[in-house]
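> Just need the structure, nothing else, for what follows:
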Amino acid sequence: MRLWAISDLHVGHAENRAIVEGLPSYPDDWLVLGGDLGETLGHVRFVLETLAPRFARLVWVPGNHELWTTDDGLRGVEKYEALVALCREHGALTPEDPYESLDDGVAPRLVVPMFTLYDYSFAPAGMLPDDARAWALEAGLVCADERLLDPAPFPSIEAWCAARCALTEGRVSEALEALPASHSGETVLIDHFPLVEQVAQLPAIPRFTIWCGTQRTRDWHLRFRAAAVVSGHLHIRRSRLVDGVRFDEVSLGYPRQWRRYARGRAPLVQILPRAVE
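Numbers count the residues shown, from 1 in each chain. Predicted structure coming up:
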């Protein structure tokens, strides 16, 4: 059994919808959908309806775009809960469901979909969120989330992030403690947002990192014995090692990006077992 991954499908773009429709079928394998499938419930429904019949299991985590308040009128936690319900209708695992294990023929690994958000801490040490936003603005950067991502009922995105990290940290710790002795005890950690700052590198817009993650997760790949860490958000597909752990960024991205950078590359990234390179 293999684990595949893709994120940042942005199916509001017709060319990206065509790519989703053309993805291969692997009925014995699992597929990670790493967030930013689109901006509306309709976008997410299209991806689920198209891909659920092609895989044994879908695993979904939310991106920032899915959480935007759009013409569906939903916002904050209400929007997130509606997305979770939609995914469950199509049999997809979400960050709110019990974690399940996948055995790739090498070892069973606990598949951990997460939702952590960001808190502006991928910035120079000591900066508060307001300072970080001002620092990014000096470079002409303002994320659309500042207009469109409403954290209600939380007072701020960073407060929502803190709550999500605390919840996730507890759940993963409990799940690992409950594993049978026969289990490898290893995990595959899945989040739309990079878990460590050194992965959140954006050469063209380096100060955009403040919208890319949180220092709260900086050691999770070690604490939770990750065999692999999967993320999206950056629209720069790449793999790298951090502390000996493989981090895979699996974005498709906008048409202008994949036309330029991903020509000839298969849209899906194989996470487990690791393909021979």
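> Now do the spatially closest residue to E49 that is not a sequence neighbour against G253, distance only.
Excluding the flanking residues, the one nearest E49 by C-beta to C-beta, 6 or more residues apart in numbering is H90, at 6.9 Å. Every C-beta, even on glycine, is put in place using the N, C-alpha and C of the backbone. Distance, H90 to G253, using C-beta to C-beta, to the nearest Å: 24 Å.
> F115 now?
F115 is 21 Å from G253, by C-beta to C-beta.
> Which of the two has more residues huddled nearby?
Legend: neighbour count by other C-beta atoms under 10 Å for F115 and G253, higher for F115 (26 against 23).
> ok so the more buried one is a strand residue?
No. Assessed with DSSP: H, G, I helix; E, B strand; the rest coil, F115 is coil; it does not lie in a strand.
> Report the contact partners of it.
V61, P62, Y80, P95, R164, T168, D191, H192 (C-beta atoms under 8 Å, 6 or more residues apart in numbering).
> Dihedrals phi and psi, the closest residue to it other than its chain neighbours?
Take F115 and drop its neighbours on the chain: the residue closest to it by C-beta to C-beta, 6+ apart is P95, 4.3 Å away. Dihedral angles of P95 (phi, psi; degrees, to the nearest 10) stand at phi -60, psi -10.
> hmm, back to that, rebuild the contacts of F115 as JSON lines, extending it with distance to D72.
Below are these laid out as JSON lines (distance: C-beta to C-beta, whole Å):
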{"residue": "V61", "distance to D72": "20"}
{"residue": "P62", "distance to D72": "14"}
{"residue": "Y80", "distance to D72": "13"}
{"residue": "P95", "distance to D72": "20"}
{"residue": "R164", "distance to D72": "22"}
{"residue": "T168", "distance to D72": "26"}
{"residue": "D191", "distance to D72": "24"}
{"residue": "H192", "distance to D72": "19"}
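> give me the element the residue nearest the centre of the chain is part of.
Nearest to the mean C-alpha position of the chain, by C-alpha atoms, centre = their mean, lies H192 at 1.7 Å. According to DSSP states H and E, H192 maps onto no helix or strand at all.
> I'd say it and G35 touch.
Yes. Counting by C-beta atoms under 8 Å, H192 does reach G35; the two are 3.1 Å apart.
> Look up the residues that both of these two are in contact with.
S7, V61, P62, G63, N64, G232, H233.
> so what's the closest residue to E146 other than its chain neighbours up against?
Spatial nearest neighbour of E146, chain neighbours left out: R133 (7.5 Å); criterion: C-beta to C-beta, 6+ apart. Counting by C-beta under 8 Å, 6+ apart, R133 touches Y120, V142, E146, I210.
> What is the burial count for A18?
Neighbours of A18 (other C-beta under 10 Å): 11.
> any idea which helix or strand carries it?
Applying DSSP H and E, one finds A18 within helix 14-21.
> Show me what that helix is packed against.
helix 41-51, helix 255-261 (3 or more C-beta pairs under 8 Å, 6 or more residues apart in numbering; DSSP states H and E).
> and among these, the most buried is which?
helix 41-51 (a mean of 18; mean count of other C-beta atoms under 10 Å).
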